[in-house]
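# With the sequence up front, the predicted model follows.
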Amino acid sequence: MPVEAFARLPEAEAIAALESAAARFFGLGSGAECIAAPGTQSLIQLLPRLLPARKIRVLGFSYAEHGRVWAASGAGVAVAQNLDELAQGDVAVIVNPNNPDGRLVPLDDLLSLARKMAARQKTLVVDEAFIDFLPRENSLAPHLPLPGVVVLRSFGKTFGLAGLRLGFALCEQQTAALLRKNIGPWAVSGAAVEIGVRAYGDAPWLAESAARLAQDGQKLDACLVRAGFEMIGGTPLFRLARHARTGEVFERLGAAGILTRPFVDRPDWLRFGVPHRDAHFQRLSAALGKG
C-alpha cells in the first residue's frame, strides 16, 4: 500500500478508477452510474432522506435495517409476501439473494417489477450485497439503467474486508447526481480506493474463492446436520439452519468464541458464516458436540 493512500485525500481520478473497476466487475449496463460509498449500510440510511415516500414495502422476512431506517424517517413500512403486494409501495425493497434465507427472485420477475414501478413513477431498491459469488445472470446490474431502480452492492462481504467500509449504488444518472451531492467529497478512504481497485481486478482470486466456498458450504451443511440442525437456506457466504434448542446452541457457541446470528422473530433460526479453515471446522464441530 502506498503511504499516499493514508496521508492524502483521494483524488477524484482515483475514485473514478475505483468506480470503473467495480462497474466492470458488476457487468454494469452502459449509461448507468456506479457511486462509491463508505459501505452499503450508509446508502441504506441515506435513501429515505433522498426519496420522499410514505408507503414502503419490503419483500418477506429480510435484512431488518431496510425497514428500520424507512420507519425512522416517518414512512409506513410493511412486509410484502409476494411481488404483487410489493409493487403497491412507493418504494419496494428486495434483498436478492435474501438475507438470511438466500431466497432468489428470478431476473425476469425483477425486470417485470421494475416496469410496474416505473409506470407508477415509484422506486425499486434491490440489495445485492450477497450476489457476487452467484452467476451474473442473477443480477439486475447488467440491465441498468432502469427508471427508478437502485441496486446496492457490497465489497466487504465478498472479499472478507467488512471493516474497510466500501459499497456501491448503481442507478440512472438523475438518482446518481442526487446521491453524489449528499454523500459529499472524500466519503471513501484512500485505503478503500487502493484495495478496491486491486481486488476487483483479481479474477483468479475470485474464481478460487468461489470454488472454495462451494466446497466449504457443503462441509458446513454436513456439520450442522450431524449436530441436529435442519438446513433452511443460504448463499455461498452463509447458511441458515433451524434447531429445536437454538438459544442453548447460540450460548454454547458464543462461549466458545463462535458468533452466529439469531433472530428475535424466528427463535428457532441461526445463521452461520461459512468457515474457511480446517481448524475452524474442528472448533465448530467440537462446540456443537458439547452437552
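Structure's in. What do you need? This one's a predicted model, so the numbers in the text were calculated from it and none came from an experiment. Numbering: from 1, shown residues only.
# the helices in the protein, which residues?
All helices of the chain, identified by DSSP state H, fall at 4-7, 12-26, 40-50, 64-72, 83-86, 107-119, 156-159, 173-183, 190-200, 203-226, 246-255, 278-289.
# Please report the distance of the residue nearest to L50 when sequence neighbours are not counted from A227.
Closest residue to L50 apart from its sequence neighbours, by Cβ to Cβ, 6 or more residues apart in numbering: L178 at 5.4 Å. All C-beta atoms are positioned from the backbone trio N, CA, C, and that covers glycine. Relative to A227, L178 is positioned 48 Å away (Cβ to Cβ, to the nearest Å).
# likewise T246?
12 Å.
# Looking at these two, which one has more neighbours?
T246 (19 against 15; other Cβ atoms under 10 Å).
# Just give me the neighbour total for the closest residue to the more buried one other than its chain neighbours.
Distances taken as Cβ to Cβ, 6+ apart place D268 nearest to T246, at 5.0 Å, with adjacent residues excluded. Neighbours of D268 under the rule other Cβ under 10 Å: 15.
# Would you quantify the distance from D268 to T260?
13 Å.
# On the pLDDT front, check the residue lying closest to G217 once chain neighbours are set aside for me.
Residue nearest to G217 in three dimensions, not counting chain neighbours: V274, with 5.4 Å by Cβ to Cβ, 6+ apart. Listed pLDDT for V274 reads 96.
# for V274, phi and psi?
phi -80, psi 120 (degrees, to the nearest 10).
# Identify the residues contacting it.
By Cβ atoms under 8 Å, 6 or more residues apart in numbering, V274 lies in contact with 213, 216-217, 220, 236-239.
# just L83 next, same as before
Taking Cβ under 8 Å, 6+ apart, one finds 59, 105, 109, 112-113 in contact with L83.
# Taking those, tell me the two that lie furthest apart.
By the measure Cβ to Cβ, L59 and S112 form the most distant pair in the contacts of L83, at 13.9 Å.
# Those two - which one has more neighbours?
Higher neighbour count among L59 and S112: L59, with 24 against 13, using other Cβ under 10 Å.
# ok, and the closest non-adjacent residue to that one?
The shortest distance from L59 to any non-neighbouring residue, by Cβ to Cβ, 6+ apart, is to I94 (4.8 Å).
# So for P142, which of the helices of the chain sits nearest?
Nearest to P142, of the helices of the chain and by Cβ to Cβ, is helix 12-26 at 7.7 Å.
# how about the closest one: buried residues?
Residues of helix 12-26 classed as buried by neighbour count (16 or more other Cβ atoms under 10 Å): 14-15, 17-19, 21-23, 25-26.
# Would you reformat these as a markdown table and include distance to A286?
Converted to a markdown table, those look like this (distance: Cβ to Cβ, whole Å):
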| residue | distance to A286 |
| --- | --- |
| A14 | 46 |
| I15 | 46 |
| A17 | 46 |
| L18 | 42 |
| E19 | 44 |
| A21 | 41 |
| A22 | 40 |
| A23 | 44 |
| F25 | 38 |
| F26 | 40 |
